[in-house]
Every structure is written in C-alpha cells, then in structure tokens.
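Asks: sequence-free structure coming up:
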C-alpha cells in the first residue's frame, strides 16, 4: 500500500496474523500505483532464505515486485563481508484478503492493557493446558483467563481499574474457549510491544492488536483466533 507494507499469515482458517510496517521505517519505499498490490508467497521459503542468508550484523534487505505473476525479488547485502545475495520467490495472485476486516467482528467487548502485564498473565497459567477460557464481565473480577488441565486448574484476573488497563468496554458477559497453543504464539511478539488490545465478538472470534514502538515509528500486529466453542 502507499502507506506501507502489510504481511498476513493464515493458518488453517483458525489463526490470522497481520503485521503493518509503515513506509517511513524503510530507507526507500516506492509503490508505482495508488491501488493496493496483493500477492501470496510461501512463508517457509521466505523465512528459510532470511535465516540462511541474513545475519544480525550490518546486512540490508531490498524487496521488489514488478507485476502480477512476477516473482518477489530479494537482495541482501552484507556490508562487512562485501557479499550480495539475490533470490527470487514465486508468487501467486489472490483475492483472499479482500474480505471485510476481522476487526469489525470483534466489537462486543474490549480491554487495552500493557503488553508486559498480559504476557505475565499468560505465563502464570498452566502451560500444559490445552484450552484457555477468556471471560469478559461487567462485574468484578471483569477480565479472567482460566485453564483446566488434566490434574489442575489455573486462573488469573485483572480489574478494569488497574493502572495497567487503559480501556475496558464490556457490552455483555461473554465466555469463549480457545486452543491455548494458539494463544501462546503471541508471547514472542508481546515482549516487543507496548500495548495490546484484546477484543471479542458475538461469534467468539478473539482479536489481539499490538502496538510496537521502534524509535520514532510505530508498527502494528493484528492477531485473530477462532474460538473452539462459546459457553453460556
């Protein structure tokens, strides 16, 4: 997009993750059209290339894409070693991401909390549990995470008046159950984020929006997880 780059990963229609990288974080950013450019690539191929040829030093990465059906070009320069790596990844056209934003489905209840606090709450839960229940309530204890394992239960709560809570909106009490392994995926990103907005919809869809500050720029990550079922 003219405003920046959006990368979306979809896993079996159970999880969808989007990362938004604003154009001003790049040394150079150019889009030769006002229309959004959408294509699909194999994620494993991309990550393998970056892991094999990238490094943690002074390397730079250039991405370019010419037109529908053209490959995605990657050029990596390793300044210290005077090495340049050129790669091409086959692309596929797709209309998959033209659906309405999933954020529109997560408008029932919402809490905005410090990311570090939410990460701590997840760490306090039983890590061996397969499921986690998320409860929004208009009454105390307001926001609850609960897991049930083979031999024990674990539960954490946070009050809407806590200093770590920026916003708490609860239209009606809701309880939904999710695969805990799907939720734990977000812990890595939480360590880089400042705030996380947790929201749910009537269908039980869970949305997590993270704000990541990098120097003078902000990046955003959206994470959506479908519920296994909704409890009464």
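Replies: Nice, thanks for sending it over. In this text, all values refer to a predicted model and were calculated from it rather than measured experimentally.
Asks: so where's this protein uncertain?
Replies: Applying pLDDT under 70 to the chain flags residues 12-13, 54-58, 79-81, 95-101, 229-232.
Asks: how about the helices in the protein?
Replies: For the chain, the helices defined by DSSP state H cover 43-53, 115-124, 180-184, 187-190.
Asks: looking at this protein, which residue lies furthest from center?
Replies: Using Cα atoms, centre = their mean, the residue of the chain lying farthest from its centre is residue 82. It sits 34.8 Å away.
Asks: how near is it to residue 76?
Replies: Distance, residue 82 to residue 76, using Cβ to Cβ, to the nearest Å: 13 Å. C-beta here means a position set from N, CA and C on the backbone, and glycine is covered the same way.
Asks: same check, this time on residue 126
Replies: Counting by Cβ to Cβ, the gap from residue 126 to residue 76 is 42 Å.
Asks: hmm, back to that, possible to save the helices of the chain as a markdown table with distance to residue 202 and mean neighbour count?
Replies: Output for those, formatted as a markdown table (distance: least, Cβ to Cβ, whole Å; neighbours: other Cβ atoms under 10 Å):
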| stretch | distance to residue 202 | mean neighbour count |
| --- | --- | --- |
| helix 43-53 | 31 | 13 |
| helix 115-124 | 23 | 17 |
| helix 180-184 | 20 | 17 |
| helix 187-190 | 26 | 15 |
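Asks: Include distance to residue 216 when you put those into CSV, please.
Replies: Listed next are the helices of the chain as CSV, based on distance: least, Cβ to Cβ, whole Å:
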stretch, distance to residue 216
helix 43-53, 25
helix 115-124, 19
helix 180-184, 31
helix 187-190, 20
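Asks: And these: which comes nearest residue 102?
Replies: Nearest to residue 102 among the helices of the chain is helix 180-184 (14.6 Å), distances taken as Cβ to Cβ.
Asks: and the closest one, what does it pack onto?
Replies: Contact here means 3 or more Cβ pairs under 8 Å, 6 or more residues apart in numbering; DSSP states H and E; on that basis helix 180-184 packs against strand 131-136.
Asks: partners of the strand it packs on, with directions?
Replies: According to DSSP bridges, strand 131-136 forms sheet pairs with strand 143-148 (antiparallel), strand 174-179 (antiparallel).
Asks: so which of those gets nearest residue 193?
Replies: For residue 193, the closest of these is strand 143-148, at 17.5 Å, according to Cβ to Cβ.
Asks: Need the residues that contact that closest one.
Replies: For strand 143-148, the surrounding residues in contact (Cβ atoms under 8 Å, 6 or more residues apart in numbering) are 111, 121-122, 125-126, 129, 131-137, 153-160, 168, 180, 198.
Asks: Can you point out the buried residues in it?
Replies: Residues of strand 143-148 classed as buried: 143, 144, 145, 146, 147, 148 (neighbour count, 16 or more other Cβ atoms under 10 Å).
Asks: hmm, back to that, of the contacts of strand 143-148, grab the buried ones for PyMOL.
Replies: Those of the contacts of strand 143-148 that count as buried under 16+ other Cβ under 10 Å are selected in PyMOL with:
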select buried, resi 111+121+122+125+126+129+131+132+133+134+135+136+137+154+156+158+160+168+180+198
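Asks: measure stretch 27-36 end to end?
Replies: End-to-end distance for stretch 27-36: 21 Å, by Cα to Cα, to the nearest Å.
Asks: Same question for stretch 118-136.
Replies: One end of stretch 118-136 sits 15 Å from the other (Cα to Cα).
Asks: Same question for stretch 157-172.
Replies: Stretch 157-172: ends 17 Å apart by Cα to Cα.
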